[in-house]
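**Q** Using only what follows, build the 3D model:
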Amino acid sequence: MAKNLYEVVLNLFIPFLLLSIVSSINNHFENKNVKKWHWNALIILFFLVLVVSVLRQWRLIKYNQINNIYLLNISLISGFLYCSGIWIYFSTVKKSKDLTPKVKIIFEICLTVLGLLFCFCQFFYKIPLVIFLPLQFLGLGENIFSTMYLMKITGFAFAWLLCILFCIETYRLLVRTGTKGKSICFSIFYILSGFINFTAIIGIINSYYRRKIKIPSNLRKSIPKLIAAEDIVFFAVIFIFLAIALFFFLRHLKVKGEWENPAQHRILRRYERDCRRIGAFAFILGLLVLLDCTVIKKKANRLVELSPSEEFQIDGNRIYIPLEQVSDGHLHRFSWTNEKGKTIRFIIVQKRGTNFGVGFDACEVCGNVGYYERKNEIVCNRCDVVMNKNTIGLKGGCNPIPLESKIEDGGIVIYTQNLNLEAGRF
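**A** Sure, this is the predicted structure:
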């Protein structure tokens, strides 16, 4: 549950925040049709994101990391143009009496297009990373009616609800803020999110396209520092939002302005009271996001202590494990240290009869964190995914990396040269 709650909020918090700012800015445009187009476009684009995500999941369209580079670059460029445009619009275009209404409408349409393009490039990049988490659990053999799966679904649903409520409440807060305040908010969060997107672009190039796209040596050496700084920037976004929500709440503690009669006074009091409620609720939602990215993240990334390694017989490069030692259906962990001092772990699980799953205590996705047994289930120590015992020893997904072995003389035989093939993972 904690893992899914953290993963969804981590990926969607900033895109939803930026979407709420863009939508609140759109609310200050003069033309009503432009405002209406904005909300209609939101529905269409969200539907498009879901369709593209499904097509990617089913591999009906070709999609690779170069597409993410295009998306992030378009997001950075459109965001910069939008940021510059809103400052020009609110400071000059909207106030100008020399410009015709048609010119202002064209300016508003251009800003609407740029704002939506900026936001949805990020959603196209982020949503596919988390939208199919529930299918990932089922695909690895987990029962849909199991308590563990229901807890994961609960965490997944709560995270989406938190992000959506956060977006709505931020929008309600910002529509009650002046145009200058909104412009400042967008500028700050665009710069911070731009740093995260730039780091993602550099990381993708370095991981997948380093031979095709050359990165300056100084920048390549700084990649670990950039990745480490991502967490600082992410928390900066949270704390800045909390400061904005708190300032908004404190600003509306007292009734401002003048009133001619008690009825006007009551209207002003009601407005200030509504603003305080919005500010308080937004602050609480921001605290929940902060809690999710600290306490819940720590719990989600907490590793279970692995069971100790069992004994085995070794003769030269031949490791021998008697079948009766591993024929109880439970997880059995072994480790061997090579001549370079590297300790390599591997596991054996009985599937049925004399059919055994043998693999390294590591996987392609989550690394060498290992697996542990929970209620007769084999679970990945990092992503908390339950393994299908029948697939252990086979390639794919979060399964243990297969280890070549054979049954001989009433036991399982493994050769050390095969263990050395994956020594680099440990």
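**Q** Show me what the host helix or strand of residue 39 is packed against.
**A** Element membership for residue 39 (DSSP states H and E) is helix 32-57. Applying 3 or more Cβ pairs under 8 Å, 6 or more residues apart in numbering; DSSP states H and E, we find helix 32-57 packed against helix 2-26, helix 101-130. All C-beta spots, glycine's among them, are computed from the backbone N, C-alpha and C.
**Q** Quick check: which of those helices is nearest to residue 302?
**A** helix 2-26 (8.7 Å; Cβ to Cβ).
**Q** Tell me what angle the helix holding residue 39 forms with helix 101-130.
**A** 20 degrees (axes from the mean of the first three to the mean of the last three Cα atoms, to 10 degrees).
**Q** Check which element follows helix 32-57 along the chain.
**A** Next along from helix 32-57, by DSSP H and E: helix 65-88.
**Q** Let me see the mean pLDDT of that next one.
**A** In this model, helix 65-88 carries a mean pLDDT of 95.
**Q** Over to stretch 382-401?
**A** 76.
**Q** in stretch 276-292, what's buried?
**A** 276, 278-279, 281-283, 285-286, 288-289, 292 (16 or more other Cβ atoms under 10 Å).
**Q** Work out for me the element residue 200 sits within.
**A** Assigned by DSSP H and E, residue 200 belongs to helix 179-208.
**Q** That should have said residue 234, apologies.
**A** Assessed by DSSP H and E, residue 234 sits inside helix 223-251.
**Q** Packing partners of that helix?
**A** Packing partners of helix 223-251 (3+ Cβ pairs under 8 Å, 6+ apart): helix 2-26, helix 147-174, helix 179-208, helix 262-291.
**Q** now those as a markdown table including distance to residue 87 and mean pLDDT?
**A** Formatted as a markdown table, the helices and strands packed on helix 223-251 follow (distance: least, Cβ to Cβ, whole Å; pLDDT from 0 to 100):
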| stretch | distance to residue 87 | mean pLDDT |
| --- | --- | --- |
| helix 2-26 | 11 | 90 |
| helix 147-174 | 16 | 89 |
| helix 179-208 | 6 | 93 |
| helix 262-291 | 24 | 93 |
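**Q** Can you add distance to residue 341 and give those helices back as CSV?
**A** CSV is the format used below for the helices and strands packed on helix 223-251 (distance: least, Cβ to Cβ, whole Å):
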stretch, distance to residue 341
helix 2-26, 33
helix 147-174, 38
helix 179-208, 29
helix 262-291, 42
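**Q** Minimum distance to residue 38: which of those helices has it?
**A** Ranking the helices and strands packed on helix 223-251 by distance to residue 38, with Cβ to Cβ as the measure, places helix 2-26 first at 4.5 Å.
**Q** quick one: that closest one to helix 223-251, angle?
**A** 60 degrees.
**Q** and helix 2-26 with helix 147-174, angle?
**A** 20 degrees.
**Q** buried ones in helix 2-26?
**A** In terms of neighbour count (16+ other Cβ under 10 Å), helix 2-26 has its buried residues at 2-26.
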